[in-house]
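Enquirer: Turn this into a structure:
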Amino acid sequence: MMVSQKKKKSTAAQTAGAREASGRRCALERLRNLGIIAHIDAGKTTVTERMLFLSGRVHRMGEVHQGTAVMDWMDQEKERGITITSAATTCFWKEHQVNIIDTPGHVDFTMEVERALRVLDGAIGVFCGVGGVQSQSETVWRQADRYRVPRLVFINKMDRVGADFDGVVADIRERLGAAAVPLQIPIGSENAFRGMVDLVSMRAFMYDLNKVDDVHRADQTVMDEQPIPESVSVEAERARAALCERVAEVDEATTDAYLVNPDLTPEQLQTGLRRATIGGRLCPVLCGSALRNMGIQPLLDAVVAYLPSPREVSSVRGHHPRDGQVSERAADDFEPVSALAFKIMADPYVGRLAFLRVYSGQVRKGQNLYNPRTAKRTRVTRLLLLHAEAREEVETLYAGEIGAIAGMREIATGDTLCAENQPIQLEKISFPQNVIAMAIEPRTQADQDRLLEALESLAAEDPSLKLFRDAETGQTLIGGMGELHLEIVRDRIAREFKVTAKAGKPMVAYRETITQTAAASHVFDREIGGQRQFARVDVELSPLERGAGVVVSGKPPETEIPAEFRKVVKEGVRDQLATGWLANYAVTDVSVKLVGGAYYPDFSSAVAFRTAATLAVREALQQAAPRILEPWMNLEVVTPDAHLGDILGDINSRRGSVKEVVTRGSTQFVRAAAPLAALFGYATAIRSLSRGRAAYTMEPGGFDVMPSDLQEQLMQG
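Expert: Below you'll find the predicted structure:
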């Protein structure tokens, strides 16, 4: 619930004063929380490294390909040259504090992007100037759409052969449905790329190509602001006119100024662009080459100019944990405290860390915070600011900030921390379903407990990692998002926890569903321990569309199923759905309606109703034409022309379907879909088919019904 205006006497000046008194903070209006999102290898981490260097946060640029990037601090990240876990850091640019989260681009770690976007106010989407919109680009863009995160676009690698600025902008508009508006146009292309025209100020930012690769200090800039070269002056005038018109179309205040004079001033254009960007009506586009230090200063300027402060985004919404009433919290240091734990990590030096976004109020060392999920108070013992793997201990985290709490073992990902006398439960973070599983066991019996401890610790960090036991074999199984995900888990168990484990081959995580509506009724009437137990439960099952999950509904009269037994009845329903009927896979995309039942006051019990519900669902599943669902993957292959035929033939042989083939120069982009079970070992196959010249990425594309003949083979073993 919002505090009254009489009680709430804070002002921007008071807030700024409290922060500056700490010796490290700036006013809330000068705070930016942003994420770097993109497809793998688009250059996210390199962009982040350059931003940190040019802002003076680090004094030596790290390189991803050399394993020296500050933000890729895990051993596995350094070895593979990819980002695996999101890393947070802070830098300062033109009196603004910029909190940055660098997120992974590989689909197996898309959960890291999900929870980062949940707590961020803005994002930079990085796109390859050659590859344009790629498969994971679409995934992360949809994630940002879901959380309504304002975005800038940075088209990277403009110095590479085949880079096409206009083509990528068109691709963004067409494939992502984004209102992309260029704020810059490149000067030169490929090896001759030497700068860009800023369409707001109508000035050129030029770079000395002999020096851009040899900058070692942040105060040594090679960017030179100049008048626009004649070679691009006509194109720049045309592009600025289009920009002014586009901003006027979506921003009412700018429309009034545009009708007076279509040639908007830089101030009018920047103000209108800021409102339109924060409102999600426009997406400004910039360009450069992060590896060669080109375009990063204008990108930082754009972050400050166009992305919102915590005050400029909507107040965070939640509900009261007891009465369910909707509550809001504004970004203010003097509001009741509310914060979201969006990530858990085990740190070898400070113990268990909970990454925290503070939405309102102040989290102070020594303070008691209330966790609505556990209904318990927790005392804050240590507060930290983050810079990749480095930590800085502080006394207070203010509204809008991102930091961490150390030592709180009872906090889980998605937990809200708030004031006990004014509690709020913030919206939790949703995570995708597993598509792959693997059996794992210790090499020696002595390692059994240590392996379980390691798995539980990793599962607490990574909600997309699931642990479960096979009831038939007794094996411990781990479920994940892909082969690389499970490979990284195995590697971390060995390196971080010093446990040597044996692992089986990855297995597909199938599901079951139904294709017809069916009803069943089960009467449980037995004598257990000399006491009669009775209950009857009537259910009706019906299929739902793909991706709908499980819906349990219906409220039978209390004369049939009393209120005190309804919870255990639903638990019994979910027990059976978790184990399925055909092959012990979880049932999904099904609606279960509780139709009715019967009870005797003297003989009915919770055990009887739970058992009756389980068996009623089991009987209904048998009658509802159950089928097995298999996960499908969206596949994108980049290949030279010469190998296109072999690639397409191989996809068809794997039960795949080709959706689109796009030609860009001598390179072919193949977009297809195929069942995951047919894609094991695809990395080796595609190298063989293309002599190592093709590359691919894939991401989960949902579940679909397995062909009947393959279903029979699967069920037979």
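Enquirer: quick one: low-confidence ranges for the stretch 451-600 of the chain?
Expert: For the stretch 451-600 of the chain, the stretches with pLDDT under 70 are 470-474.
Enquirer: helix or strand right after the helix ranked longest in the chain?
Expert: Identified as the longest helix of the chain according to DSSP state H is helix 230-250. Per DSSP states H and E, helix 230-250 leads on to helix 252-260 as the next helix or strand towards the C-terminus.
Enquirer: what mean pLDDT does that following helix have?
Expert: Average pLDDT, helix 252-260: 92.
Enquirer: which sections of this protein are below the confidence cut-off?
Expert: 1-25, 59-85, 105-108, 212-222, 348-350, 388-389, 432, 470-474, 717.
Enquirer: helix, strand or coil for R526?
Expert: Classification of R526 using DSSP: H, G, I helix; E, B strand; the rest coil returns strand.
Enquirer: Please name the nearest non-neighbouring residue to it.
Expert: Closest residue to R526 apart from its sequence neighbours, by C-beta to C-beta, 6 or more residues apart in numbering: Q533 at 5.5 Å. Backbone N, C-alpha and C define where each C-beta goes, glycine included.
Enquirer: Relative to A606, how far out is the one you found?
Expert: Going from Q533 to A606 by C-beta to C-beta, to the nearest Å gives 10 Å.
Enquirer: contacting residues around the residue nearest to R526?
Expert: By C-beta atoms under 8 Å, 6 or more residues apart in numbering, the contact list for Q533 reads 524-527, 603-605, 607-608.
Enquirer: cutoff 6 Å now
Expert: 526, 605, 608 (C-beta atoms under 6 Å, 6 or more residues apart in numbering).
Enquirer: Could you identify the helix or strand that succeeds the helix or strand containing it?
Expert: In the assignment (DSSP H and E), Q533 maps to strand 531-543. Next helix or strand after strand 531-543 toward the C-terminus (DSSP H and E): strand 550-553.
Enquirer: ok, and for that following strand, which residues are buried?
Expert: 550, 552 (16 or more other C-beta atoms under 10 Å).
Enquirer: and what of stretch 203-211?
Expert: 204-207, 209.
Enquirer: Please point out which parts of stretch 566-585 sit buried.
Expert: Buried residues in stretch 566-585 (16+ other C-beta under 10 Å): 566, 568-570, 572-574, 576-577, 580-582, 585.
Enquirer: Return the distance of that stretch from the chain's centre.
Expert: 29 Å (C-alpha atoms, centre = their mean, to the nearest Å).
Enquirer: do the same with stretch 314-321
Expert: 21 Å.
Enquirer: just stretch 308-316 next, same as before
Expert: 20 Å.
Enquirer: How about stretch 130-139?
Expert: Worked out by C-alpha atoms, centre = their mean, stretch 130-139 lies 15 Å from the chain centre.
Enquirer: what sits up against it?
Expert: For stretch 130-139, using C-beta under 6 Å, 6+ apart, the contacting residues are 39, 105, 107, 110, 160, 162-163, 168, 171-172, 175, 634, 636, 697, 699.
Enquirer: Now, of those residues, which are buried?
Expert: For the contacts of stretch 130-139, buried by 16+ other C-beta under 10 Å: 39, 105, 107, 110, 160, 162-163, 168, 171-172, 634, 636, 697, 699.
Enquirer: So which of these are in strands?
Expert: 634, 636, 697, 699 (DSSP state E).
Enquirer: give the contact list for the closest residue to V313 other than its chain neighbours.
Expert: Spatial nearest neighbour of V313, excluding adjacent residues (C-beta to C-beta, 6+ apart): D121 at 5.1 Å. By C-beta under 6 Å, 6+ apart, the residues touching D121 are 33, 308, 310, 313.
Enquirer: repeat for Q576
Expert: So Q576 contacts 614, 617-618 (C-beta under 6 Å, 6+ apart).
Enquirer: Just the buried ones among the residues you listed, please.
Expert: Using 16+ other C-beta under 10 Å, the buried members of these are 614, 617-618.
Enquirer: and Q576, that's in a strand?
Expert: No - read with three-state DSSP, Q576 is helix and lies in no strand.
Enquirer: any idea how far V592 is from the residue lying closest to it once chain neighbours are set aside?
Expert: Excluding the flanking residues, the one nearest Q576 by C-beta to C-beta, 6+ apart is V617, at 4.1 Å. Applying C-beta to C-beta, the value for V617 to V592 is 7 Å.
Enquirer: who touches both of these two?
Expert: In contact with both V617 and V592: 539, 573, using C-beta under 6 Å, 6+ apart.
Enquirer: Now do the same contact list for the closest residue to Q475 other than its chain neighbours.
Expert: With C-beta to C-beta, 6+ apart as the criterion, Q475 has its nearest non-adjacent residue at 4.5 Å, and that residue is A439. The contact partners of A439, taken as C-beta under 6 Å, 6+ apart, are 475, 477, 504.
Enquirer: and the residue nearest the centre of the chain, what element?
Expert: The residue lying closest to the centre of the chain (C-alpha atoms, centre = their mean) is E114, at 1.7 Å. Under the criterion of DSSP H and E, E114 resides in helix 110-119.
Enquirer: quick one: buried residues of that helix?
Expert: 110-119.
Enquirer: on contacts alone, who are the packing partners of that helix?
Expert: helix 135-146, strand 338-347 (3 or more C-beta pairs under 6 Å, 6 or more residues apart in numbering; DSSP states H and E).
Enquirer: mind listing what whichever strand or helix holds L286 pairs with, with the direction of each?
Expert: Using DSSP H and E, L286 maps to strand 283-287. Sheet pairing of strand 283-287 (DSSP bridges) gives strand 151-156 (parallel), strand 180-182 (parallel).
Enquirer: got these as TSV, with distance to C418 and mean neighbour count columns?
Expert: Below are the strands paired with strand 283-287 laid out as TSV (distance: least, C-beta to C-beta, whole Å; neighbours: other C-beta atoms under 10 Å):
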stretch	distance to C418	mean neighbour count
strand 151-156	29	27
strand 180-182	38	23
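Enquirer: which one of those lies closest to R469?
Expert: Proximity to R469 (C-beta to C-beta) singles out strand 151-156 among these, at 42.4 Å.
Enquirer: what angle sits between that closest one and helix 135-146?
Expert: Following axes from the mean of the first three to the mean of the last three C-alpha atoms, to 10 degrees, one obtains 160 degrees for the angle between strand 151-156 and helix 135-146.
Enquirer: can you give me the offset of strand 151-156 from its chain's centre?
Expert: 18 Å.
Enquirer: hmm, who's touching that strand?
Expert: 43, 123-127, 129, 165, 168, 283-287, 290, 299, 302.
Enquirer: Swap in 7 Å and give it another go.
Expert: 42-43, 47, 122-129, 144, 165, 168, 172, 180, 283-290, 299, 302-303, 306-307 (C-beta atoms under 7 Å, 6 or more residues apart in numbering).
Enquirer: can you pull the contacts of the nearest residue to E420 once chain neighbours are set aside?
Expert: Once flanking residues are discounted, E420 sits nearest to Y370: 3.8 Å by C-beta to C-beta, 6+ apart. Counting by C-beta under 7 Å, 6+ apart, Y370 makes contact with 377, 418-420, 423.
Enquirer: Filter the residues you listed down to the buried ones.
Expert: 418-419, 423.
Enquirer: What does T103 show for phi and psi?
Expert: phi -110, psi 160 (degrees, to the nearest 10).
Enquirer: you'd agree it is up against L34?
Expert: No - using C-beta atoms under 7 Å, T103 makes no contact with L34, being 10.7 Å away.
Enquirer: ok, those two, which is more surrounded?
Expert: Using other C-beta atoms under 10 Å, the more surrounded residue of T103 and L34 is T103, with 28 against 23.
Enquirer: now the more buried one: how far from P266?
Expert: In terms of C-beta to C-beta, T103 sits 32 Å off from P266.
Enquirer: so how many other residues sit close to the nearest residue to G188 once chain neighbours are set aside?
Expert: Of all residues not flanking G188 in the chain, R194 sits nearest, at 4.7 Å (C-beta to C-beta, 6+ apart). The local packing of R194 (other C-beta under 10 Å) involves 19 other residues.
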